[in-house]
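Trainee: Structure for the following, please:
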Amino acid sequence: MVEDEEGLVSALRSGLGRAGYAVDTALTGAEAMEKVATTAYDLAILDITLPDTSGLDLCRAVRRGEIEVASGRELRVLMLTARASLADRVRGLDEGADDYLTKPFALVELLARIRALLRRDVTNGTTQLHVGELVLDSSRHLATRAGRELPLTLKEFGVLRYLMSRPGHVVSAEELLEHVWDENADPFTQSVRVTVGTLRRKLTLDGEEPLLETVIGRGYRLRGES
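Mentor: Residues are numbered from 1 along each chain as shown. Coordinates of the predicted model:
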């Protein structure tokens, strides 16, 4: 999230965190460029009016490949700004934003727009992910296996959501830490190992086939086909 109003940054970081998102923040364009160069973000929430540049210029630079972006020039961008005129909205979209939301706004609407952007190219436009017997519904914050509801914490839900978007692929602990935890997470923490361990136990009851496996020295893999 690139926003220079610190009160809004704090409120949104808290609100998005309660919804299960890992949020990194930048108060300036320069700080944002440093972060997107090293971290593969799923979505950027971008204000237009920043102390050192315009969010429009940043968005354009991302789309044109003029700045280094770890997740590539197709990084999803949501403009969140007080500029509410028709001309501003059209220009924001023309400069490459995927969505445009004006202030003041309701958190529930922002969360709905975030869900819509994040499910593009992953769930074929629905709010659900399907991998074998597993179904995860982001809008309802509900995960089931063969109809059995899984009582997941926010972090367990986030880890499962990330693994279900990459079924059969080995995902490292570092990658999970980057996408499910925020920038303040200790890279030497055991949080990922502990969270994966509790998630594994909740996914598989006695007699059920294990779905989450550890690939020694590499990370974790969710078995099954989407």
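Trainee: Can you give me every residue that contacts the residue positioned nearest the centre of the chain?
Mentor: In the chain, the C-alpha nearest the mean C-alpha coordinate belongs to Asp42, at 4.7 Å (C-alpha atoms, centre = their mean). Asp42 sits next to Ser71, Arg76, Leu118, His179 when contact means C-beta atoms under 8 Å, 6 or more residues apart in numbering. (C-beta placed from N, C-alpha, C; glycine too.)
Trainee: and what of Phe157?
Mentor: By C-beta under 8 Å, 6+ apart, the neighbours of Phe157 are Gly20, Leu136, His141, Ala143.
Trainee: And Leu78, by the same measure?
Mentor: Counted by C-beta under 8 Å, 6+ apart, Leu78 has contacts Leu43, Ala44, Ile45, Leu46, Ala97, Asp98, Asp99, Tyr100, Leu101, Arg113, Ile114, Leu117.
Trainee: what do you get for Gly224?
Mentor: Gly224 neighbours (C-beta under 8 Å, 6+ apart): Val131, Gly132, Glu133, Leu134, Pro167, Gly168, Leu211.
Trainee: gap between it and Glu34?
Mentor: According to C-beta to C-beta, to the nearest Å, Gly224 and Glu34 sit 38 Å apart.
Trainee: Gly17 now?
Mentor: Following C-beta to C-beta, the distance that separates Gly17 from Glu34 is 22 Å.
Trainee: What is the most widely separated pair among the contacts of Gly224?
Mentor: Greatest spacing in the contacts of Gly224, by C-beta to C-beta: Glu133 and Gly168 (14.9 Å).
Trainee: Tell me which of these two has more neighbours.
Mentor: A direct count of neighbours by other C-beta atoms under 10 Å for Glu133 and Gly168 places Glu133 higher, at 15 against 12.
Trainee: quick one: Ala82 from Ala97, how far?
Mentor: 15 Å.
Trainee: These two: who's more crowded?
Mentor: Neighbour tally, Ala82 and Ala97, criterion other C-beta under 10 Å: the higher count belongs to Ala97, 26 against 12.
Trainee: Same list (the contacts of Gly224) but as a markdown table, adding secondary structure, distance to Thr189 and pLDDT.
Mentor: Below are the contacts of Gly224 laid out as a markdown table (DSSP: H, G, I helix; E, B strand; the rest coil; distance: C-beta to C-beta, whole Å; pLDDT from 0 to 100):
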| residue | secondary structure | distance to Thr189 | pLDDT |
| --- | --- | --- | --- |
| Val131 | strand | 27 | 92 |
| Gly132 | coil | 30 | 90 |
| Glu133 | coil | 31 | 91 |
| Leu134 | strand | 26 | 93 |
| Pro167 | coil | 26 | 90 |
| Gly168 | coil | 27 | 90 |
| Leu211 | coil | 24 | 93 |
